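> need a 3D model of the sequence below.
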Amino acid sequence: PDTVIRLKEAFRKNFAEIPKNGPDGEEGLTYSFAHKNAFFIGLDQYVGGQHKIHQGWFERQLAGNRQPHVFVYGHEPAFGARHRDNLGFYPSDRDAFWNALGRAGGRIYFCGHDHFYNRALIDDEAGHPIRQIIVGTGGGSLKQWSGLYQDGKSVRGERHESGRNGYALVTV
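Numbering: from 1, shown residues only. Next up is the predicted model:
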């Protein structure tokens, strides 16, 4: 626990410009902001050591958004690929997150955790298509993966690359 506290303090210190509008205890770790015609939400998914988010805070941020483009990002995938620890560890909480994103018009979720690039399409409960893009290629030890998603047929893989470092560039 002391290591986690020190890591969070170091992050807050070195990224002091990040908004401090997150839920209690996550200020500067979970946050949202608007820029031009886009709304961004960054999520700390280790609330109390869990693989969860503050759902109420997330939904309030989405409800207050007035921008046409919504981008959400966090460390862990919502739908598991290689790592077993992800937001799918608590499926009903993960589904609440995914459905709230879809209702709010969000169509993309960026994450890392797995050290490769993967793009998948997963519908929310209303049939809104949302892409999960894993971009874990930023310098860590790259990994191979079987291509079998933990959530089976609900996840439709669109593209996968491993063995190369890289990044994602998004143009709005």
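
> from here on, just use CA atoms for contacts and neighbour counts.
OK.

> can you name the residues that contact the closest residue to His113 other than its chain neighbours?
Distance criterion CA to CA, 6 or more residues apart in numbering; nearest residue to His113, sequence neighbours excluded, is Glu76 at 5.3 Å. Contact analysis of Glu76 by CA atoms under 8 Å, 6 or more residues apart in numbering lists Gln45, His51, Asp85, Asn86, Leu87, Cys111, Gly112, His113.

> let's see it at 7 Å
Applying CA atoms under 7 Å, 6 or more residues apart in numbering to Glu76 gives the contacts Asn86, Leu87, Cys111, Gly112, His113.

> could you do Gly106 as well?
Here Gly106 is in contact with Val70, Phe71 (criterion: CA under 7 Å, 6+ apart).

> give me the pLDDT for it.
Looking at Gly106, its pLDDT stands at 97.

> repeat that for Pro1.
The model reports Pro1 with a pLDDT of 63.

> pretty sure Tyr149 is touching Gly80, no?
Yes - with contact defined as CA atoms under 7 Å, Tyr149 reaches Gly80; the gap is 6.0 Å.

> the two: which has the busier surroundings?
More neighbours surround Gly80 than the other of Tyr149 and Gly80, with 21 against 18 (other CA atoms under 10 Å).

> any stretches of the protein with poor pLDDT?
The chain contains residues with pLDDT under 70 at 1, 48.
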